[in-house]
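> okay, predicted coordinates and the sequence, questions at the end:
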Amino acid sequence: MSTPPREGLFIPAEICHIICQNPELTHADFKALAAVSRNFRGEAYLLSLYSSAEVRDPTKLRTFCTTAIRQPHLAKVMRNLVLHMPAEGALDPDTISAIVQLLSMATNLQSLHVLSLLPNYIDRSKQSWILCGHSFRLTTLVNTYFNTMTMKEMIYMQPKLQTLMIPHTSRVELWLPHFSHLTTFSCSAFTLRQWYEGPAFTNIERLQFGIMPGVMDKRAMPPPKQIFKLYKAVKSLSVSIQDGLETLWKSWTMEAMVAAAAVHMHGIKFLQIMDYTQTKKEPRVSFFLSIARFKQLETLILRPPNLLSRDQTGQEPILSSWRGLQTDAGRKSTAEEIMGTLPTLKRLIFTLNVDSEDVNYEFKRVSSSALDLLEALVTLHEDEWLL
């Protein structure tokens, strides 16, 4: 509960205004100032909103921007900005102009998220010129709205980026050595592939990428071991593989990815592999031999591919390729085997397709014994790999 302003303390509004314009003040500072006096509250509250702002309703974008344009000190204190964007055609020229003007004034902006409201509109807008030519220097850039190919120039203008997240549908090549401060990177496999013969990236600690049909060209993807050997400092790895991929990707099995991560990413603590493909094979025993190499792994999330099979009616039920995971007893037995192999593992999740929907079965240790496990159904969040 916030502390109410002190009734007896009077500070002239002009003094409050001058103090609140200090560009060094943080979001927490403004919240503290709002509790000093009533004059501070009005000024500091508005500034706290703009220092770390999120606009969820696209119809309010123009109002949000024009408020800061008319009061330039609001733009100056802006450090974090999250914009939820509609389809390109839904942005009128006046709103676009207001966004551009606000960004040109937000010289202290450090974190920018430009997010598409529509799942089927990811990576489509070609109006990325809106983000270009501004003087801010970002440490975080997250984009799911603008076409990344058209954002290339803007991205290169941010050499101090520590976090860069672009859609898994992007067909953009980036010169990663340019970003020497980058520690968190989310991209498409297309972007990742170009570096398999290059130098290792010892600064990247969190890596996420998606393998999407229709994004890759006809060049074969090097096997996981050739990619993962470049990211030996990674502590968190998240990979998703969508169905419909060609045989050029046949080396990217769950077993191969687990084995490569175990060999090359010695300090990894979080591993998530979501395989949405279909197979006729069950996982090999080598999978269990590979995981024994992990020495620090704390969280393991696995979605095995679906098994292609026909029942007596000729139908093709959707089943996990790990047959042992289809029963309660089988899941517990497998969890016990994995937990017993990995003494550092605190959390194990199997994601299985049940009645055309993914269900997440989580196992946690109740004690140090691998046989003493607590099972629960949980919801997986998109940012699990960032925790």
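Cool, the structure landed.
> any weak-confidence spans in the stretch 1-150 of the chain?
For the stretch 1-150 of the chain, residues meeting the criterion pLDDT under 70 lie at 1-9, 11, 13-14, 16-17, 20-23, 27, 30-31, 33-35, 37-46.
> now the strands for it?
Taking DSSP state E, counting those that start in this stretch to define them, one finds strands in the stretch 1-150 of the chain at 52-55, 80-85, 111-116, 140-143.
> tell me which of those sits nearest to T277.
strand 111-116 (25.4 Å; C-beta to C-beta). Every residue, glycine included, has its C-beta placed from N, CA and C.
> for G330, give me the backbone phi and psi.
The phi/psi pair for G330 (degrees, to the nearest 10) reads phi -70, psi -40.
> quick revisit: need the strands of the stretch 1-150 of the chain in CSV (columns: mean neighbour count and distance to M151).
Listed next are the strands of the stretch 1-150 of the chain as CSV, based on neighbours: other C-beta atoms under 10 Å; distance: least, C-beta to C-beta, whole Å:
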stretch, mean neighbour count, distance to M151
strand 52-55, 17, 20
strand 80-85, 20, 13
strand 111-116, 19, 9
strand 140-143, 20, 6
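> would JSON lines of the ones you listed with distance to L25 be doable?
JSON lines is the format used below for these (distance: least, C-beta to C-beta, whole Å):
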{"stretch": "strand 52-55", "distance to L25": "12"}
{"stretch": "strand 80-85", "distance to L25": "14"}
{"stretch": "strand 111-116", "distance to L25": "16"}
{"stretch": "strand 140-143", "distance to L25": "20"}
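> show me the contacts for P199.
By C-beta atoms under 8 Å, 6 or more residues apart in numbering, P199 lies in contact with 177, 230.
> domain assignment for this structure?
Following automatic domain parsing, the chain resolves into domains at 1-52, 207-387.
> distance from the chain centre to the last one, please.
The reference is to domain 207-387. Here the centre of domain 207-387 is set off from its chain's centre by 18 Å, with C-alpha atoms, centre = their mean, to the nearest Å.
> do the same with stretch 159-169
Distance, centroid of stretch 159-169 to centroid of chain: 9 Å (C-alpha atoms, centre = their mean).
> if we can go back for a sec, least confident of the domains of the chain, on average?
In terms of average pLDDT, domain 1-52 trails the rest of the domains of the chain, at a mean of 66.
> and I155, what helix or strand is that in?
Assessed by DSSP states H and E, I155 sits inside helix 152-156.
> give me the mean pLDDT for that helix.
For helix 152-156, mean pLDDT is 94.
> list of residues touching that helix?
Under the contact criterion C-beta under 8 Å, 6+ apart, helix 152-156 has outside partners 128, 131-132, 141, 148, 161, 164, 172, 174-175, 178.
> give the buried residues for it.
154-155 (16 or more other C-beta atoms under 10 Å).
> and the next element down the chain from that helix?
As assigned by DSSP H and E, the chain's next helix or strand after helix 152-156 is strand 163-165.
> and the helix or strand just after that next one, how far out from the chain middle?
Next helix or strand after strand 163-165 toward the C-terminus (DSSP H and E): strand 184-188. Centroid displacement of strand 184-188 relative to its chain, using C-alpha atoms, centre = their mean, is 8 Å.
> re the thing from before, how about the domains of the chain in CSV, adding distance to T66?
Below are these laid out as CSV (distance: least, C-beta to C-beta, whole Å):
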stretch, distance to T66
domain 1-52, 13
domain 207-387, 32
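> between the ones you listed, which gets nearest to A200?
Comparing the domains of the chain by C-beta to C-beta, domain 207-387 comes nearest, at 4.8 Å.
> how long is the closest one from one end to the other?
12 Å (C-alpha to C-alpha, to the nearest Å).
> may I see the buried residues of stretch 97-110?
Residues of stretch 97-110 classed as buried: 98-100, 102-103, 105-106, 108-110 (neighbour count, 16+ other C-beta under 10 Å).
> swap that for stretch 326-333, sorry
So stretch 326-333, judged by 16+ other C-beta under 10 Å, has buried residues 331-332.
> need the contact partners of that stretch.
With C-beta under 8 Å, 6+ apart as the test, stretch 326-333 has contacts from 319-320, 323-325, 350, 352, 361, 363, 373, 375.
> again, but for stretch 378-387
With C-beta under 8 Å, 6+ apart as the test, stretch 378-387 has contacts from 184, 206, 208, 236-238, 270, 272, 299, 301, 349, 351, 360, 362.
> let's see 7 Å
Stretch 378-387 has contacts (C-beta atoms under 7 Å, 6 or more residues apart in numbering) with 184, 206, 208, 236, 238, 270, 272, 301, 349, 360, 362.
> repeat for stretch 74-89
Here stretch 74-89 has contacts from 23, 25, 46-47, 50-56, 58, 61, 67-68, 102, 105-118, 121, 124-125, 127, 145, using C-beta under 7 Å, 6+ apart.
> cool, stretch 123-143 as well?
Applying C-beta under 7 Å, 6+ apart, the external contacts of stretch 123-143 come out as 88, 96, 99-100, 103-104, 106-107, 109-114, 144-148, 150-151, 153-155, 158, 160-167, 169-170.
> send the alpha carbons of it over as CSV?
What follows is stretch 123-143, C-alpha atoms only, in CSV (Å, rounded to 0.1, in the frame of the first residue of the first chain):
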residue,chain,number,x,y,z
ASP,A,123,6.9,-9.4,-38.7
ARG,A,124,4.8,-7.8,-41.4
SER,A,125,4.7,-4.0,-41.1
LYS,A,126,7.3,-2.3,-43.4
GLN,A,127,6.9,1.1,-41.7
SER,A,128,10.0,0.5,-39.5
TRP,A,129,11.3,3.9,-40.7
ILE,A,130,9.2,5.1,-37.7
LEU,A,131,12.1,3.8,-35.4
CYS,A,132,15.0,5.2,-37.5
GLY,A,133,17.0,8.4,-37.0
HIS,A,134,16.4,8.9,-33.3
SER,A,135,19.2,9.7,-30.8
PHE,A,136,18.2,7.2,-28.1
ARG,A,137,20.7,4.3,-27.4
LEU,A,138,18.8,1.2,-26.4
THR,A,139,20.0,-1.7,-24.2
THR,A,140,16.8,-3.7,-24.9
LEU,A,141,14.9,-4.0,-28.2
VAL,A,142,11.9,-6.4,-28.6
ASN,A,143,10.1,-6.4,-31.9
